[in-house]
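K.L.:
Let me see the structure of the following:
(one chain, ligands or ions: 1)
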Amino acid sequence: MGGSLRKASLNRRLLGHLVRLLEGRGHGVIALEGEALRLPLYDADLAVPDSAKPLHDSMAWAEGLVLVSPEYNAGIPPHLKNAVDWVSTLKPNPWPNLPVLLCSASPGALGGARAAITWRSTLANLGAIALPANLAIPHANTNLAEDGTPTDPRSQAALQSALDAFLDLAAKLGTHSHS
Ligand SMILES: Cc1cc2nc3c(=O)[nH]c(=O)nc-3n(C[C@H](O)[C@H](O)[C@H](O)COP(=O)(O)O)c2cc1C
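P.N.:
Prediction:
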């Protein structure tokens, strides 16, 4: 899941590339991005919106989550946090022991890596298992091809090793148990 709401989102481009790589390795993937993650602002007085269900349903069978998040003001975008908050209220709870690969892309030199710092505290609170290393693509306005492939060899190598570590952890944990 991830990307921003704007059409030309660099993070959505990166997400697309990761989806193709995972599918190429034989994994079933559901990509939820952009408008699919534009949920009403969380309000406990509202009924759970139908738009929260595709994410919750996908996570019911998922053996791992790749979260591709922009960085806004050294933090995380509100629409993604909002979607996570909605899903955290639903049963079965899909978060405990879920392996999560944190990814980001930014035109900046840090590649949006500070978003991952904030995501870690939220994911820890949910009982998910974030990989120790996150993937950050710096200078993404020039370092991501149209199809989301990094053009810089260092970013390409970082991407492959992040995916390897993620798949390795997911395989070790097996199908995680939902509470
Ligand atoms: C409100 C706002 C705050 C931002 N803050 C940061 C930041 O702290 N660090 C950073 O690297 N980029 C920051 N950016 C730039 C985004 O990384 C950039 O717009 C990026 O392309 C957003 O992701 P997207 O391409 O997926 O929409 C910010 C952008 C916005 C709109």
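K.L.:
List the buried residues for the biggest helix by length in the chain?
P.N.:
In the chain, with assignment by DSSP state H, the single longest helix is helix 153-173. Buried residues in helix 153-173, defined by neighbour count with 16 or more other CB atoms under 10 Å: 155, 158, 159, 162, 163, 165, 166, 167, 169, 170. Quick note: C-beta positions are derived from backbone N, CA and C, even for glycine.
K.L.:
So which elements touch that helix?
P.N.:
If you count contacts as 3 or more CB pairs under 8 Å, 6 or more residues apart in numbering; DSSP states H and E, helix 153-173 packs onto helix 10-24, strand 99-105, strand 135-137.
K.L.:
Closest one to the ligand out of the buried residues of helix 153-173, please.
P.N.:
Here the nearest of those to the ligand, counting by CB to the nearest ligand atom, is residue 155; it sits at 14.8 Å.
K.L.:
Now the spatially most central residue of the chain: which helix or strand?
P.N.:
When CA atoms, centre = their mean is applied to the chain, the residue found nearest the centroid is residue 67 (0.8 Å). Using DSSP states H and E, residue 67 sits in strand 65-68.
K.L.:
Identify the residues contacting that strand?
P.N.:
1-3, 11-12, 14-15, 18, 22, 33, 59, 80, 98-105, 119, 128, 166 (CB atoms under 8 Å, 6 or more residues apart in numbering).
K.L.:
ok, now with 6 Å
P.N.:
With CB atoms under 6 Å, 6 or more residues apart in numbering as the test, strand 65-68 has contacts from 1, 2, 11, 14, 15, 18, 98, 100, 101, 102, 103.
K.L.:
Enumerate the residues of this structure near the ligand.
P.N.:
3-4, 6, 9-11, 70-74, 106-108, 110, 112 (CB under 6 Å from any ligand atom).
K.L.:
Buried subset of the residues you listed, written for ChimeraX?
P.N.:
Selecting just the buried residues from the residues of the chain next to the ligand in ChimeraX takes one command, with 16+ other CB under 10 Å as the test:
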select :3,4,9,10,11,70,71,72,106,108,112
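K.L.:
what mean pLDDT does the strand holding residue 67 have?
P.N.:
Taken as a whole, strand 65-68 has an average pLDDT of 98.
K.L.:
and the direction of the helix or strand just after that strand versus that of helix 10-24, what angle?
P.N.:
Secondary structure here is assigned by DSSP H and E; on that basis, the next helix or strand after strand 65-68 toward the C-terminus is helix 78-88. Our comparison of helix 78-88 with helix 10-24, counting by axes from the mean of the first three to the mean of the last three CA atoms, to 10 degrees, yields an angle of 50 degrees.
K.L.:
Show me what helix 78-88 is packed up against.
P.N.:
Contacting helix 78-88 under the criterion 3 or more CB pairs under 6 Å, 6 or more residues apart in numbering; DSSP states H and E is no other helix or strand.
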